[in-house]
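**Q** Compute the structure for the input listed below.
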Amino acid sequence: MSVDTAGLAAPEVKLETHAERLRFLLVEDNPVDVELLERALRRAEFDFTYAVVQTPEDFTRELLATHPHVVLADYNLPHWKGMEALEILQREGLDIPLILVTGALGDMTAVDCIKQGATDYVLKGALTRLPIVIRRALQEKSLRDQRQRAEEDLARKVEELARSNRDLEQFAYVASHDLQEPLRMVAAYTQLLAERYRGKLDENADKYIGYAVEGALRMQTLILDLLAFSRVGRAESGRKNGDCNGALKIAMANLQTAIGESGAVITYDELPSVAVDQSQLVQLFQNLLGNAIKFRAAEAPAIRVSAEKQDSSWLFSVADNGIGISSQYQDKVFVIFQRLHTREEYAGNGVGLAICKKIAEYHEGRIWVESEPGCGPTFHFTLPVRPDEQADA
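**A** So this is what the prediction gives:
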């Protein structure tokens, strides 16, 4: 037998769902009712101890000292009500089930108490229901605790992943930035070797020098692509009202040589302004247009750019008449350094669409492609509307 702080005996029957003895805090001023509650708990074969309090001060002191598993509170006491115990629980930030045990409680009052946060209520004339209510309250509390632990664990893992991604991006930025200068020297001197000694050494020497020059130039391009990828979202000076029409025109100007050589025709509707930095818009359009020109079919590229308003974003579409993409590769094309063709077929490092994906997702949008082999693809992406447009909506 164990004795609680009020000097009342408590049984020692074990509850299978709790490894430790249950602690009850009784808010009750009638010794007879306390005895009836104790008998009901004993008959239910709970392993428990309990304490009895009658004032808010005693309740608060015992609550903080013992941290009970369940509070059993009479609805009416001489100087306060059991629901005031709920206010103390909420004030202390404690998630402890509170069950009202009362002589009479109207349906409307009972509903109102539960709305305020009481777990349940039991009439003193029907204490056989008390063990059922207690077990249910403990199970619900256990589920809440499990959910909270799962949410905390998920939040911790998300933060760890975000920190890992930031570290990786920082590494990619520093590595690619610091590699540029020594690689520039390698490329310059191998090109100088090729110019000065071409034909003066044997055939194998010319071939080896050519491999070195080609490798150095390819590495330079790869590092610049990696640097561009790592810079997305690193130094954004606020999400401005990016003008898509202006960004598209700049992208077309940057691709003027490729457009002229391929005979590409680019048409577009009046495009909106979005909450994205202008430079990132230029990069997004330029990569998609360049992709359409590069992977063209036999006929000249025909590219169409359009946009339509959705709830809180704009849906953009960039369609062309190129070679198309099989459904099994439509996710793969957005993975950095993933290529569907050899370098002999198409130049590049497989970074352009990965940058597009990073820009869209950084702004809480997404990008995807719809296509079939032999039918030109349509790239869709979403970007957020301007804050003032959201306010008007």
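**Q** what separates the residue nearest the centre of the chain from residue 89, distance-wise?
**A** With distances taken as Cα atoms, centre = their mean, the chain has residue 158 as the residue nearest its mean C-alpha position (7.0 Å). Residue 158 sits 30 Å away from residue 89, going by Cβ to Cβ, to the nearest Å. Where you see a C-beta, it was placed from the backbone N, CA and C, and this is true even at glycine.
**Q** repeat for residue 386
**A** Relative to residue 89, residue 386 is positioned 46 Å away (criterion: Cβ to Cβ).
**Q** same for the helix or strand residue 377 falls within, what does it pack against?
**A** In this assignment (DSSP states H and E), residue 377 forms part of strand 375-384. The elements that strand 375-384 packs onto, with contact taken as 3 or more Cβ pairs under 8 Å, 6 or more residues apart in numbering; DSSP states H and E, are strand 273-275, helix 278-294, strand 313-319, helix 352-362, strand 367-372.
**Q** ok, which stretches of the stretch 1-150 of the chain are helices?
**A** Secondary structure of the stretch 1-150 of the chain by DSSP state H, counting those that start in this stretch: the helices cover 31-43, 56-66, 83-91, 107-116, 130-197.
**Q** Save the ones you listed as JSON lines, and put in distance to residue 324 and mean pLDDT too.
**A** As requested, these are arranged in JSON lines below (distance: least, Cβ to Cβ, whole Å; pLDDT from 0 to 100):
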{"stretch": "helix 31-43", "distance to residue 324": "72", "mean pLDDT": "92"}
{"stretch": "helix 56-66", "distance to residue 324": "69", "mean pLDDT": "92"}
{"stretch": "helix 83-91", "distance to residue 324": "61", "mean pLDDT": "90"}
{"stretch": "helix 107-116", "distance to residue 324": "59", "mean pLDDT": "83"}
{"stretch": "helix 130-197", "distance to residue 324": "31", "mean pLDDT": "82"}
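**Q** Which one, of the ones you listed, ends up nearest to residue 251?
**A** Between residue 251 and the helices of the stretch 1-150 of the chain, the shortest separation by Cβ to Cβ is 23.1 Å, and it involves helix 130-197.
**Q** Ramachandran coordinates for residue 259?
**A** For residue 259, the backbone dihedrals (degrees, to the nearest 10) come out as phi -70, psi -40.
**Q** Measure how buried it is and give me the count.
**A** For residue 259, the number of neighbouring residues by other Cβ atoms under 10 Å comes to 20.
**Q** I'd say it and residue 266 touch.
**A** Yes: with contact taken as Cβ atoms under 8 Å, residue 259 and residue 266 are classed as touching, separated by 7.1 Å.
**Q** which regions of this protein sit below the pLDDT cut-off?
**A** Low-confidence segments of the chain, defined by pLDDT under 70, span residues 1-19, 169, 172-177, 225-227, 229-231, 233-240, 328-329, 337-350, 374, 388-393.
**Q** From the centre of it, give me the residue that's furthest out.
**A** Note on the chain: the largest separation between a C-alpha and the mean C-alpha position, by Cα atoms, centre = their mean, falls on residue 200 (61.0 Å).
**Q** Tell me if that residue really is in a helix.
**A** No: the assignment for residue 200 (DSSP: H, G, I helix; E, B strand; the rest coil) gives coil, which keeps it out of a helix.
**Q** Can you pull the phi/psi pair for it?
**A** Its backbone dihedrals place residue 200 at phi -90, psi -20, with angles given as degrees, to the nearest 10.
**Q** Enumerate every residue touching it.
**A** Residues in contact with residue 200, defined by Cβ atoms under 8 Å, 6 or more residues apart in numbering, are absent; none qualify.
**Q** Same check on residue 262?
**A** Contacts of residue 262 by Cβ under 8 Å, 6+ apart are 293, 296, 300-301.
**Q** biggest separation within those, which pair?
**A** 293 and 300 (9.7 Å).
**Q** Pull up the overlap in contacts between these two.
**A** Any residue near both residue 293 and residue 300 by Cβ under 8 Å, 6+ apart counts here, and that gives 262, 264.
**Q** How about residue 302, nearest residue that isn't a chain neighbour?
**A** Excluding its sequence neighbours, the residue lying closest to residue 302 (Cβ to Cβ, 6 or more residues apart in numbering) is residue 321, at 4.8 Å.
**Q** looking at this, that neighbour is in a strand?
**A** No: Residue 321 is assigned coil when assessed by three-state DSSP, not a strand.
**Q** dump the residue contacts of it.
**A** Neighbours of residue 321 in contact, by Cβ under 8 Å, 6+ apart: 296-297, 299, 301-302, 376.
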